[in-house]
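Undergrad: Quick one, fold the following:
(chains A and B)
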Amino acid sequence: MLRLLRLLGQEALTRLGTLGRSAYVLFWTLYSLPRRGDLELLGKQLYQVGVLSLAIIVLSAFSIGAVLALQGYTQLAKIGAEQSVGLGVALVLLRELGPVVTGLLFAGRAGSAMTAEIGLMKTTDQLAGMEMMGVDPLHRVVAPRLWAGIVCLPVLTLIFNAVAIWAAGLVGVDWLGIDPGGFWSGMTDGVEMWEDVGKGMVKSGVFAFLISWIAVFEGYDALPTAEGIGNATTRTVVYSSVVVLAVDFVLTLVMYGEFK
Amino acid sequence: MIRMRTIEISVGAFMLAGIIALIFIAVRVSGVNLSQATGTYTLTARFHDVAGLRVRSKVSMAGVAIGRVAKIDVDSEYGEAIVTFEISDKVANLSADCGAQIQTEGILGGRYVSISQGADEKLLKDGDRIRNTQDAVVLENLIGEFLTRQGGGSNSDKGGS
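TA: Numbering: from 1, shown residues only, chains lettered A, B, ... in the order given. Below you'll find the model as predicted:
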């Protein structure tokens, strides 16, 4: 019995320790003031994290938009409401699917890469070497990646939404023959700038922060072995995905819930 | 340094793509009308029953949207609903005896307010009340009335025979 209690205590302390270390990493990363040459580092990371993620985001957005239009059409055409496909697709994408799917893809594509990169730097003692030279690795390595993630995910979400809605229009209007007037102006009438687009982007910003934080921390905190990096990368993807889905529910409840 | 240049250019293109996406979503999808920033003025109206009407429901005249429902309050003393509208400044010449009617889009569609122009020389100003109102037709009540009439008819037939 006492042993069980001790195990529980150990587990709790380890978890708390991890949380504390992650808060420490986050704080000192955000606190480190920008210096000359930082823009160049940030630019490189924006390229790595944002530009190189563009292909997967655009491809997924196209498929998801097309599938939504197709499914929505087959169901709504039964009750003669195929004009609402545009509005339905736009609301689903802007409020939920855009931020969430982009977040999940981003965690898999960019988050894992960040973790592996930082973890390998740690394993090969590059981080320790930087400290010896008086360069703060949190500033030089972690901060640009964190900021790049925070900037890139919302931009990627915007691109995702635009491409998906365009794809839905392509499938719905040009292929299935929904009346373009009903499709596009139904969308324009029903979508609100703040209520739908704005709140979706708030979600995206929160996800960006959480995913980047998890990714850089797992890399920074990884055990300096080959296995440690593998585990850290797995944890980044798993934790990010779970956190995105759970936080999405909470944010939806807070922002769209009836009770306020 | 060519490498750095390519990176900078592609990051710039990436950001530009994001901005274009935002503009596409704002203009094409959510219908933000930049010229519509002319402002609005508010009018109120009292109804006996506004069931189904929501904040941000459409206010239209002759089928053209001219504003939105801004607020729905209840006046518990008279048992009436006080609805506040935001009407676009473009429609500034509503006459004092114009009418507001709650209508339904299609059979199952959402509720909206239809405003019909009056003939009075006096015009409504910001904060004025539309006096001439007509409530929503509640489909359930109509069906209920129809059914009781049918039932009542057959009952009286029985009574007669």
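Undergrad: Any stretches of the chain with poor pLDDT?
TA: Just going to use chain A. A:258-260 (pLDDT under 70).
Undergrad: right idea, wrong chain: chain B
TA: Counting by pLDDT under 70, the ranges of chain B that qualify are B:1-2, B:32-38, B:106-109, B:152-161.
Undergrad: Strands of chain B, start to end?
TA: Counting by DSSP state E, the segments of chain B that form strands are B:40-47, B:58-61, B:64-75, B:80-88, B:99-104, B:111-116, B:129-130, B:132-134.
Undergrad: Next, the buried residues of the fifth one.
TA: Think strand B:99-104. Buried residues in strand B:99-104, counted by 16 or more other Cβ atoms under 10 Å in any protein chain shown: B:A100, B:Q101, B:I102, B:T104. All C-beta atoms are positioned from the backbone trio N, CA, C, and that covers glycine.
Undergrad: Check the offset of the helix or strand A:L158 falls within from the chain's centre.
TA: Assigned by DSSP states H and E, A:L158 belongs to helix A:143-169. Taking Cα atoms, centre = their mean, to the nearest Å, one finds the center of helix A:143-169 at 9 Å from the center of the full chain.
Undergrad: Next: stretch A:124-137.
TA: 29 Å.
Undergrad: Can you give me the end-to-end span of it?
TA: Stretch A:124-137 stretches 14 Å from its first residue to its last (Cα to Cα, to the nearest Å).
Undergrad: So what touches it?
TA: A:W28, A:S32, A:I118, A:M121, A:K122, A:R140, A:V141, A:Y220, A:P224 (Cβ atoms under 8 Å, 6 or more residues apart in numbering or on different chains).
Undergrad: From those, which land in helices?
TA: Among the contacts of stretch A:124-137, DSSP state H puts A:W28, A:I118, A:M121, A:K122, A:Y220 in helices.
Undergrad: List phi and psi for the closest residue to the first one other than its chain neighbours.
TA: What that stands for is A:W28. Once flanking residues are discounted, A:W28 sits nearest to A:L138: 5.0 Å by Cβ to Cβ, 6 or more residues apart in numbering or on different chains. When read as degrees, to the nearest 10, the backbone of A:L138 gives phi -60, psi -40.
Undergrad: looking at it, A:L138 is touching A:V25, isn't it?
TA: Yes. Contact status for A:L138 versus A:V25: in contact at 6.6 Å, counting by Cβ atoms under 8 Å.
Undergrad: hmm, back to that, in the helix or strand just after the helix holding A:L158, which residues are buried?
TA: Sequence-wise, the next helix or strand downstream of helix A:143-169 (DSSP H and E) is helix A:180-190. For helix A:180-190, burial by neighbour count (16+ other Cβ under 10 Å) applies to A:G182, A:F183, A:W184, A:G186, A:M187, A:T188, A:G190.
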